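K.L.:
one predicted model, sequence on top.
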Amino acid sequence: MATPAPDVLFLRVLETLDENQARWCVAQEAIARGRGGVSSLRRLTGFSRNTITKGMAELHSRRALPTERIRRPGAGRPPLEATDPELERALQHILEETTAGDPMSSLRWTSKSATRIAEELSRQGHPVSHATVDRRLRTLGYSLQANLKTKEGTAPPERDAQFRYINAQVRRFQARGDPVLSVDAKKKERVGEFKNPGRTWRPKGTPEEVNIYDYPDLGEGPAIPYGVYDVQRNHGFVNVGMDHETAEFAVESLRRWWRLVGRRHYGGAKGWLICADGGGSNGSHRRGWKWHLQRLVNEVSKPVTVCHYPPGTSKWNKIEHRLFSQISLTWRGQPLVSYEAVVNLIGNTRTRTGLTVKAMLDRSQYDVGEKVTDEEMKQINLREHEVNPNWNYTISPR
């Protein structure tokens, strides 16, 4: 005969206890389960959070457990749903309005919190607390949920063909030992004593103190991390700019990668493959990107093939989830108080799969609004590929 699940046995025992004993039993089980115990016991038993925490406080108290008279079955204040049968209908009406997007709903353009819904119900003649609203929402199958990023917009018809072409190019370059580089600029960060999302372990009661306000003039300036991720070696290089994210800055980041890292490992390579987003400083339509890339190609005397990801697919770029996400995990909860801190935190990024990162500070200034003339564009030794020529091209030394 199969043994009942532990939760089933616990509920069977709970049914035999009086009100006080049941409260203490549930509280003891919540304490034993540790973090999240109160929530799990609330869902399992239907006890309110206040009841469970009250029982926990009684168990932790040094005083003797209370032995006051137990209420007879059915005693106590009846739920509002029993005394106000129209309450649930009014609640359902509010939820339908806001969920369907009724522009006339009083809560359509506000935060639909339990408190705001309780206020609206009270205004309509149904006095109720936010705790009751919270309980009823969960009973009706609602839960607190964040936005989910799933909409990418209209996909270009060449999208699948471009991904297949990129994969074929990656395999070709890797087969002959040439570098495959995933490049992009990370989100611009403010340097100074500003709050950085996330938490980090510190002695209890001693949080890192930062500025209350996020005014730019309270910091040192912006930090613009431009990353170059070597797919084969699982190595990242990040050039931290202090000025503007321009095409010249993007190419300078590649130049620094080559001088500090690349030529030591790929000195005999026949060429590079760069996988980049379709927009930004390294966008497929940026003249400055191609102009400065030609100058870099002339310096290294190697052709560079560039494959751009289709619009709306930047999250497929390997640098996003293999490098930038790990950097964000490394410095979460750490105020980026100085440029030195930014560089050191990036440079200390490590993973179990062997990711290593090198970072350096770029103090150069880059002019915005740079214009590349038609005559200068003719000087670029660029060969467009047959497949999606706007997204795939090779720049060779002149």
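P.N.:
Perfect, thanks for sending it.
K.L.:
every contact and neighbour count from this point should use C-alpha atoms.
P.N.:
Will do.
K.L.:
so residue 229 sits in a helix?
P.N.:
No - looking at residue 229 with DSSP: H, G, I helix; E, B strand; the rest coil, it is strand, so not inside a helix.
K.L.:
next, count neighbours for it.
P.N.:
When neighbours are defined as other C-alpha atoms under 10 Å, residue 229 has 29 of them.
K.L.:
and if you look at residue 163?
P.N.:
By other C-alpha under 10 Å, neighbour count at residue 163 equals 16.
K.L.:
what sits against it?
P.N.:
By C-alpha atoms under 8 Å, 6 or more residues apart in numbering, the contact set of residue 163 is residue 309.
K.L.:
again, but for residue 292
P.N.:
Here residue 292 is in contact with 247, 248, 251 (C-alpha under 8 Å, 6+ apart).
K.L.:
where's the last one relative to residue 322, distance?
P.N.:
Okay, so that is residue 251. Separation of residue 251 from residue 322 (C-alpha to C-alpha, to the nearest Å): 21 Å.
K.L.:
what do you get for the first one?
P.N.:
Here residue 247 is placed at a distance of 23 Å from residue 322 (C-alpha to C-alpha).
K.L.:
okay, those two: which has more neighbours?
P.N.:
Comparing residue 247 with residue 322 by other C-alpha under 10 Å, the one with more neighbours is residue 247, at 25 against 18.
K.L.:
for that one, phi and psi?
P.N.:
phi -60, psi -40 (degrees, to the nearest 10).
K.L.:
from residue 387, how far off is it?
P.N.:
24 Å.
K.L.:
which residue sits closest to residue 287, ignoring its sequence neighbours?
P.N.:
Of all residues not flanking residue 287 in the chain, residue 372 sits nearest, at 6.2 Å (C-alpha to C-alpha, 6 or more residues apart in numbering).
K.L.:
so that neighbour versus residue 280, what's the distance?
P.N.:
Distance from residue 372 to residue 280, by C-alpha to C-alpha: 16 Å.
K.L.:
wait, isn't residue 271 in contact with residue 302?
P.N.:
Yes - under the criterion of C-alpha atoms under 8 Å, residue 271 makes contact with residue 302 at 5.1 Å.
K.L.:
which residues in the stretch 51-200 of the chain form strands?
P.N.:
Taking DSSP state E, counting those that start in this stretch as the test, the strands found in the stretch 51-200 of the chain are 180-185, 189-191.
K.L.:
among those, which is the most enclosed?
P.N.:
Of the strands of the stretch 51-200 of the chain, the one with the most neighbours on average (mean count of other C-alpha atoms under 10 Å) is strand 180-185, at a mean of 24.
K.L.:
so what strands line up beside it?
P.N.:
Counting by DSSP bridges, the strands paired with strand 180-185 are strand 221-230 (antiparallel), strand 272-276 (parallel).
K.L.:
let me see the mean pLDDT of the longest one.
P.N.:
Think strand 221-230. Model confidence over strand 221-230 averages 96 on the pLDDT scale.
K.L.:
same deal with the last one?
P.N.:
Per-region confidence: strand 272-276 scores 97 on mean pLDDT.
K.L.:
tilt between the following helix or strand past it and strand 272-276?
P.N.:
Scanning forward in sequence from strand 272-276 by DSSP states H and E, the next helix or strand is helix 287-300. Taking axes from the mean of the first three to the mean of the last three C-alpha atoms, to 10 degrees, one finds helix 287-300 and strand 272-276 inclined to each other by 160 degrees.
K.L.:
buried sites along helix 287-300?
P.N.:
287, 288, 289, 290, 291, 292, 293, 294, 295, 296, 297, 300 (16 or more other C-alpha atoms under 10 Å).
K.L.:
swap in stretch 345-364?
P.N.:
Here stretch 345-364 shows 345-347, 349-350, 355-362 as buried, counting by 16+ other C-alpha under 10 Å.
K.L.:
with stretch 212-222 instead?
P.N.:
219, 221, 222.
K.L.:
do stretch 232-241 as well
P.N.:
Those would be 235, 236, 237, 238, 239, 240, 241, for stretch 232-241 by 16+ other C-alpha under 10 Å.
K.L.:
in which helix or strand does residue 9 reside?
P.N.:
helix 6-14.
K.L.:
quick one, longest helix in this structure?
P.N.:
Secondary structure of the chain per DSSP state H: the longest helix is helix 159-175.
K.L.:
got the angle between it and strand 272-276?
P.N.:
150 degrees.
K.L.:
show the pLDDT at the residue most central in space within the chain.
P.N.:
Nearest to the mean C-alpha position of the chain, counting by C-alpha atoms, centre = their mean, stands residue 325 at 8.0 Å. The score at residue 325 is 93. That number is its pLDDT.
K.L.:
in TSV, list the contacts of residue 292 along with pLDDT and distance to residue 306.
P.N.:
Formatted as TSV, these follow (pLDDT from 0 to 100; distance: C-alpha to C-alpha, whole Å):
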residue	pLDDT	distance to residue 306
247	97	14
248	97	16
251	98	12
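K.L.:
reformat the strands paired with strand 180-185 as TSV; add distance to residue 314.
P.N.:
Output for the strands paired with strand 180-185, formatted as TSV (distance: least, C-alpha to C-alpha, whole Å):
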stretch	distance to residue 314
strand 221-230	14
strand 272-276	8
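K.L.:
could I get the average pLDDT for the helix or strand where residue 39 lies?
P.N.:
Here residue 39 sits within helix 37-45, counting by DSSP H and E. The pLDDT scores in helix 37-45 average 88.
K.L.:
if I take that helix and helix 6-14, what angle do their directions form?
P.N.:
70 degrees.
K.L.:
for helix 37-45, name the packing helices and strands.
P.N.:
helix 19-33, helix 49-60 (3 or more C-alpha pairs under 8 Å, 6 or more residues apart in numbering; DSSP states H and E).
K.L.:
touching the longest one from outside, list them.
P.N.:
The set of residues external to helix 19-33 that reach it, using C-alpha under 8 Å, 6+ apart, is 14-15, 36-38, 40-41, 51-53, 55-56, 58-59, 70-71.
K.L.:
cool, stretch 46-59 as well?
P.N.:
Contacts for stretch 46-59 (C-alpha under 8 Å, 6+ apart): 23, 24, 26, 27, 28, 30, 31, 38, 39, 41, 42, 65.
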